[in-house]
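# What would the 3D arrangement of this be:
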Amino acid sequence: MSASPALTPVLDRIDAALPDSLERLFALVRIPSISTDPAYAGECRRAAEWLVEDLRTIGFEASVRDTTGHPMVVAHHEGPAGSPHVLFYGHYDVQPVDPLSLWEHDPFEPAVREIEPGRKIITGRGSSDDKGQLMLFVEACRAWKAVHGSLPCRITLLFEGEEESGSPSLKPFLQSNAGELTADFAMVCDTGMWDRDTPAISVGLRGLVGEEVTIHAADRDLHSGHFGGAAANPIRILARILADVHDETGRVTIPGFYEGVEETPSQVKASWDALGLTAEKFLGEVGLSVPSGEKGRSVLELTWARPTAEFNGISGGYEGEGFKTVIAAQASAKVSFRLVHKQDPQKIRAAFRAFVEERLPADCRASFKEHGGSPAIQLAYDSPIVTKAKVALSDEWNKPALTIAMGGSIPIVGDFQRLLGMESLLVGFGLDDDRIHSPNEKYDLSSFHKGQRSWARILAALSEG
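Model (predicted):
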């Protein structure tokens, strides 16, 4: 684990101050900053104010910024002349704790507990998502400042309080404060590791298009004995249209759907294959074994680097108890598309609607409801920022850091790119078993400790020429 002369005492400081950094995290976790419940609005503000006061002790110019919802925390610290300017993002709000009866410990009374020999965890709501994650970076900054009296680069912090409730205030805030928040690049901590011992950098995030389609036929529900065989049945029409979306190989048949989709570099696919995650292992956890997507693709390629069309809900006719012989007047489906690379959300939306319209009988019509859309994020696998961060992480964990992608979406990364013109470095230390959004959320103590050291190393690497 090599370290520069300037970095070594910072790492030593992090090690020595671990008990104090835990107490600070505990203080923040004890604040029930549940953003989706209006009853906790005061607690969200209290969490923001706690962060501001803590950041000021490090020397940040920090303030609570009011929005139409929960407040933002914005903080600035200067760095050496000519050093890069980085924006670090996290969120201080948390998910509700219901059902409380399933928690083994008070969700807002954190503690360190040993769950197996040699493995200790931090318990409590927000210990992983995202209070534990954001405090890693804060503690790395605290150690740099304590040792050197300065930070290695210019840093802006942005902590929001609505991530768990859809971030309604975030985009307007970014637009209104673009000049203040724009940096050379952003860093986002709301991601995870490959496993407990293997750090990872996410370079791809799939985009998303949500559509709700309704097929309209007769002007009312019809008796299936009287009208059956003569009247159009919207459930059958909708089912046929949805069935046409995929061919027998799993590919999406909507014209133009694959426009902008690039093949993953062969060396990247080889590195993913080397991880040994088989379809049986991946799907076995949910009682399945055979992948249903495009044939000839690994499960990691299917979930990280390929676009999808999925049906998330379908309704029509009588859905109550018992049986009712009707031909429904209408039938609906909710459809989501996960996008990759350069796929255009609006083109995908328009292509899907045209696909539906072309398959309608003459006396039926379709209506559509939009449920959001955002493009995919794809960073260069050989980006200088990614390369430096990989070396820093590999040095800390004594294991090569992986370059991975994510099947889900983090909207803030797209907002940083589109509104502020910044690429993002996605590094996090969460684990698959952290139970975020569920009862008994936890964060491994090794993630909390080595995560601080990792960020200190990354700051040092990014600040070098």
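# gap between the two ends of stretch 53-69?
21 Å (CA to CA, to the nearest Å).
# List the buried residues of that stretch.
Buried residues in stretch 53-69, defined by neighbour count with 16 or more other CB atoms under 10 Å: Asp54, Leu55, Ile58, Gly59, Phe60, Ala62, Ser63, Arg65, Thr67, Gly69. Quick note: C-beta positions are derived from backbone N, CA and C, even for glycine.
# Name all residues that make contact with the nearest residue to Phe337 once chain neighbours are set aside.
Spatially, and ignoring its direct neighbours in sequence, Phe337 is nearest to Val209 (4.3 Å; CB to CB, 6 or more residues apart in numbering). Contacts for Val209 (CB atoms under 8 Å, 6 or more residues apart in numbering) come out as Ser336, Phe337, Leu339, Pro345, Ile348, Arg349, Phe352, Gly372, Gly373.
# going on from the helix or strand harbouring Val209, what's the next piece of helix or strand?
Using DSSP states H and E, Val209 sits in strand 207-216. Next along the chain after strand 207-216, taking DSSP H and E as the criterion, comes strand 222-223.
# ok, that following strand: who's next to it in the sheet?
In the sheet containing strand 222-223, its partner strands are strand 326-327 (antiparallel), by DSSP bridges.
# need the next SSE after the partner strand, C-terminal direction.
Remark: after strand 326-327, the chain's next helix or strand is strand 330-339, criterion DSSP H and E.
# counting contacts, what elements does that next one pack onto?
In terms of contacts (3 or more CB pairs under 8 Å, 6 or more residues apart in numbering; DSSP states H and E), strand 330-339 is packed against strand 207-216, helix 234-244, strand 308-316, helix 345-357.
# let's see it at 10 Å
In terms of contacts (3 or more CB pairs under 10 Å, 6 or more residues apart in numbering; DSSP states H and E), strand 330-339 is packed against strand 207-216, helix 234-244, strand 308-316, helix 345-357, strand 365-374.
# can I get these in a markdown table with distance to Pro411 and mean pLDDT?
Listed next are the helices and strands packed on strand 330-339 as a markdown table, based on distance: least, CB to CB, whole Å; pLDDT from 0 to 100:
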| stretch | distance to Pro411 | mean pLDDT |
| --- | --- | --- |
| strand 207-216 | 9 | 96 |
| helix 234-244 | 27 | 98 |
| strand 308-316 | 18 | 97 |
| helix 345-357 | 12 | 97 |
| strand 365-374 | 6 | 93 |
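# So which of these is the most surrounded?
Ranked by mean neighbour count, the helices and strands packed on strand 330-339 are led by strand 207-216 with a mean of 21 (mean count of other CB atoms under 10 Å).
# can you give me the offset of it from its chain's centre?
Remark: strand 207-216 is offset 22 Å from the chain centroid, using CA atoms, centre = their mean, to the nearest Å.
# Give me the neighbour count for Ala183.
Neighbourhood size, Ala183 [other CB atoms under 10 Å]: 21.
# per-residue pLDDT, Asp382?
Predicted confidence (pLDDT) for Asp382: 83.
# Sorry, slip of the keys, the one I care about is Asn398.
97.
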